[in-house]
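Peer 1: Based on what follows, work out the 3D shape:
(2 chains)
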Number of protein chains: 2
Amino acid sequence: MIKETYKSFGFSSMETPCVEHIENLLSKQGGENEKLIFKILKRGEKLKLDTAECEADLVDGGLRYDLTLPLSRYYANHANDLPTPFKALQMGNVWRADRPQRGRFRQFMQCDIDILGEPGNIAEIELILATTTLLDRLDFKNFTIRMNDRRILKAMAAYSGFEEKDYDTVFIILDKMDKIGLEGVAEELLANGYAQESIDKYLELFKVITNDIEGVRYCKEKLDGFLSPEVAEGLCEIIESVEDVRAAEFRISFDPTLVRGMSYYTGTIFEISMDEFGGSVGGGGRYDEMIGKFTGQNTPACGFSIGFERIVMLLLERGYEIPQQREKKAYLLEKGLDSKEVINILKTAQDERAVGKQVAVLNMKKNRKFQKEQLLENGYTNIVECFRK
Amino acid sequence: MIKETYKSFGFSSMETPCVEHIENLLSKQGGENEKLIFKILKRGEKLKLDTAECEADLVDGGLRYDLTLPLSRYYANHANDLPTPFKALQMGNVWRADRPQRGRFRQFMQCDIDILGEPGNIAEIELILATTTLLDRLDFKNFTIRMNDRRILKAMAAYSGFEEKDYDTVFIILDKMDKIGLEGVAEELLANGYAQESIDKYLELFKVITNDIEGVRYCKEKLDGFLSPEVAEGLCEIIESVEDVRAAEFRISFDPTLVRGMSYYTGTIFEISMDEFGGSVGGGGRYDEMIGKFTGQNTPACGFSIGFERIVMLLLERGYEIPQQREKKAYLLEKGLDSKEVINILKTAQDERAVGKQVAVLNMKKNRKFQKEQLLENGYTNIVECFRK
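Peer 2: Numbers count the residues shown, from 1 in each chain, chains lettered A, B, ... in the order given. Here you go, the predicted structure:
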């Protein structure tokens, strides 16, 4: 259903390698994820264990922590052969050496859609419509698309008097808002040595800004001089368009506390929140400068990613059952059955498969009753026992 | 089509992790592939670069070189919850640090079907029927399933007077038969110090044995005392059954020179040869002792694997085109189009997607003619230009 839905929006399925050059993975674009990389040892003559002094002497690759970086590298190498914009659909495994927990694994699958080469808001709008259409088809209702823009984040920090070099630290602390609350954030900012005045000014903003278009408009006015008005207008346009077009029941809101971990984001950022799951089930944003790191020429790019295992986990918890599409039939062959008889059964099975049935030809077990029960459990409603003549 | 076909034989789709414990990968079951492993560095506190003396101090994982080993580990851990036999379908990436060449990549996808828990020949027969049915549906005609049995290989070596400790070396040399011929094999065996008498006796067998059921029967007689007659009878039964049941045009033959690299095979082995491709496009065999390495209790197991990229490469070389299933439509929005207009177009696009069309909503480029050409090339036959009023 994921592939079907995304293809209906004109995204083309593609795949990139799981192993990435280590220098690309460690280029400080991946935020905290760069600490969680599974690193791959050099091979053959390149591996010099005796003289190695640091990790870089031993390692030349790593498992990708997301699909955005390899996609950008692919696009950088093939831009001339690709349509503009290039709408890519990727479903692939990524790896993070994190502590496994509910809905979080060290190997997990991301389902990403990306629009490369489109600077306009239509990219964000189509990405959000595609993702929410998919979630709606999977019967998710109670979810919210939370939106922010890196440039609003920065403008708020600048307006409050933080220095640019401190933004990353400030945002990491701000990101904990939903866990430690406004006061927790204030305390931690203070503990990090920032001026009380800046902290007060900063947190006052979060008290006042509402989680809707009015909130964005408030930012536009209040942050005048720090924020280009087009940024706020763009965000309004995206939120309004999605609200107007959506047929499904979901909310789209402005969330000035939304940070997103990856430091490669340059503009809009968004995340999916669901009532039944604490963490995020998906997110994305604009990363207009990543492809330029490979080509020297920036290319507008925007993507939306959902976590496959989290979606599946929520579906299963809800009692979702995979629809049974075909008739399942099993032939059980008694031991010592005449070989001509067996060949006839195999031929019949082939004919039935050719017309769309699912057919298993199996040797009969000693415990025939248990075998039949197991088959029934697995959806084999038609069990044919073939005994010796 | 791969998944569809294999499911029609009752195989269930499943996935295993790409990263495997290094000690499982290096357990001497993978033959030459164990030299080609991408190894993964220990992480965090476990990584002690200063005191490391050998690779084992640094490495705790590796990328799997095939899908059989992780499947066996999975089965060993979950046998009680799985049906008997367990029919698994896996399509997953594997990694080998080989030199890339035509149809050979360092990351590639294997499509494996395995039947676990079934000791009888019905496993081999169903695996071969499933794989050949798939190849037939993909319109491959000129291929051969070459069959052998590890026990015949061993019996031939024993009959000729080779010692058991030398079998592996002898088989590695035998495996080069198609490249260096009978004389080349003789020379290399001699160069390795084996007795002329053994070599003559051994190679005489290959001159006499025919590539059909008669060849198997000859082995049964000639190798009496070295080979259990059931092994030859089993192989005859498999070949005869497949020959009788097949509707497709392919050949199934006995090939006493077939070795297969993996040392985990214990019984039947098979490989697909195609006229248009020098190497193998797939193969498999019985590995009755691998699961026992995890559980202490041997479980019969048999699998057949095909190489996805090789199959796709051959299809593409033949001019295969992916069938276009849906109407593809693109809306091109002129810059400055009224936002209400845009929302109406987005709504229409959503409705069209809901009824199965593929619809892209794109900003109109300055070079509109080129944009339209690109879209046409990508199958967008219906292009709607939306201009400002």
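
Peer 1: Show the residue spans covered by the strands in the stretch 201-350 of chain A.
Peer 2: Secondary structure of the stretch 201-350 of chain A (DSSP state E, counting those that start in this stretch): strands located at A:251-254, A:268-274, A:277-286, A:301-307, A:328-333.

Peer 1: Format those strands as a markdown table; extra columns: mean neighbour count, mean pLDDT and distance to chain B.
Peer 2: For every residue, glycine as well, the C-beta is placed using N, CA and C. Output for these, formatted as a markdown table (neighbours: other CB atoms under 10 Å in any protein chain shown; pLDDT from 0 to 100; distance: least, CB to the nearest CB, whole Å):
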| stretch | mean neighbour count | mean pLDDT | distance to chain B |
| --- | --- | --- | --- |
| strand A:251-254 | 19 | 96 | 14 |
| strand A:268-274 | 23 | 96 | 16 |
| strand A:277-286 | 21 | 90 | 15 |
| strand A:301-307 | 25 | 97 | 13 |
| strand A:328-333 | 21 | 96 | 7 |
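
Peer 1: The ones you listed into JSON lines, with extra columns for distance to residue B:97?
Peer 2: Formatted as JSON lines, the strands of the stretch 201-350 of chain A follow (distance: least, CB to CB, whole Å):
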{"stretch": "strand A:251-254", "distance to residue B:97": "47"}
{"stretch": "strand A:268-274", "distance to residue B:97": "38"}
{"stretch": "strand A:277-286", "distance to residue B:97": "33"}
{"stretch": "strand A:301-307", "distance to residue B:97": "29"}
{"stretch": "strand A:328-333", "distance to residue B:97": "41"}
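
Peer 1: Quick one: closest of those strands to residue B:339.
Peer 2: strand A:251-254 (16.1 Å; CB to CB).

Peer 1: what pairs with that closest one, and is each one parallel or antiparallel?
Peer 2: strand A:143-149 (parallel) (DSSP bridges).

Peer 1: Check residue A:178 and give its pLDDT.
Peer 2: Residue A:178 carries a pLDDT score of 87 in this model.

Peer 1: CA atoms of stretch A:306-316 as PDB?
Peer 2: C-alpha atoms of stretch A:306-316 as PDB (Å, rounded to 0.1, in the frame of the first residue of the first chain):
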ATOM      1  CA  ILE A 306       8.000   7.300   7.800                       C
ATOM      2  CA  GLY A 307       9.300   4.500  10.000                       C
ATOM      3  CA  PHE A 308       8.000   1.200   8.600                       C
ATOM      4  CA  GLU A 309       8.300  -0.900  11.800                       C
ATOM      5  CA  ARG A 310       6.500   1.800  13.900                       C
ATOM      6  CA  ILE A 311       3.600   1.900  11.400                       C
ATOM      7  CA  VAL A 312       3.400  -1.900  11.300                       C
ATOM      8  CA  MET A 313       3.600  -2.100  15.100                       C
ATOM      9  CA  LEU A 314       0.700   0.300  15.500                       C
ATOM     10  CA  LEU A 315      -1.300  -1.600  12.900                       C
ATOM     11  CA  LEU A 316      -0.700  -4.900  14.700                       C
END
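
Peer 1: Now tell me what touches that stretch from outside.
Peer 2: The contact list for stretch A:306-316, computed with CB atoms under 8 Å, 6 or more residues apart in numbering or on different chains, reads A:2, A:91, A:102-103, A:105, A:108-111, A:131, A:134, A:138, A:140, A:272, A:274, A:276-277, A:279-282.

Peer 1: Give the buried residues for it.
Peer 2: Under the neighbour-count criterion of 16 or more other CB atoms under 10 Å in any protein chain shown, stretch A:306-316 has A:306-308, A:310-311, A:313-314 buried.

Peer 1: can you put these in TSV and add distance to residue B:207?
Peer 2: As requested, those are arranged in TSV below (distance: CB to CB, whole Å):
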residue	distance to residue B:207
A:306	62
A:307	60
A:308	56
A:310	62
A:311	61
A:313	61
A:314	65
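
Peer 1: quick one: which of these sit in helices?
Peer 2: Using DSSP state H, A:308, A:310-311, A:313-314 are the members of the buried residues of stretch A:306-316 that sit in helices.

Peer 1: Looking at these, which is nearest residue B:18?
Peer 2: Nearest member of these to residue B:18, counting by CB to CB, is residue A:308, at 14.7 Å.

Peer 1: ok, the nearest residue to residue A:256 once chain neighbours are set aside - contacts?
Peer 2: The shortest distance from residue A:256 to any non-neighbouring residue, by CB to CB, 6 or more residues apart in numbering or on different chains, is to residue A:209 (5.2 Å). By CB under 8 Å, 6+ apart, residue A:209 lies in contact with A:215, A:218-219, A:254, A:256.

Peer 1: Identify, from these, the entry nearest to chain B.
Peer 2: Nearest to chain B, judged by CB to the nearest CB, of the contacts of residue A:209 is residue A:254 at 18.2 Å.

Peer 1: Relative to residue A:244, how far out is that closest one?
Peer 2: Applying CB to CB, to the nearest Å, the value for residue A:254 to residue A:244 is 16 Å.

Peer 1: Same question for residue A:260.
Peer 2: From residue A:260 over to residue A:244 the distance is 25 Å, taken as CB to CB.

Peer 1: Those two: which has the busier surroundings?
Peer 2: Each of residue A:260 and residue A:244 has its neighbours counted (other CB atoms under 10 Å in any protein chain shown); residue A:260 has more, 20 against 14.
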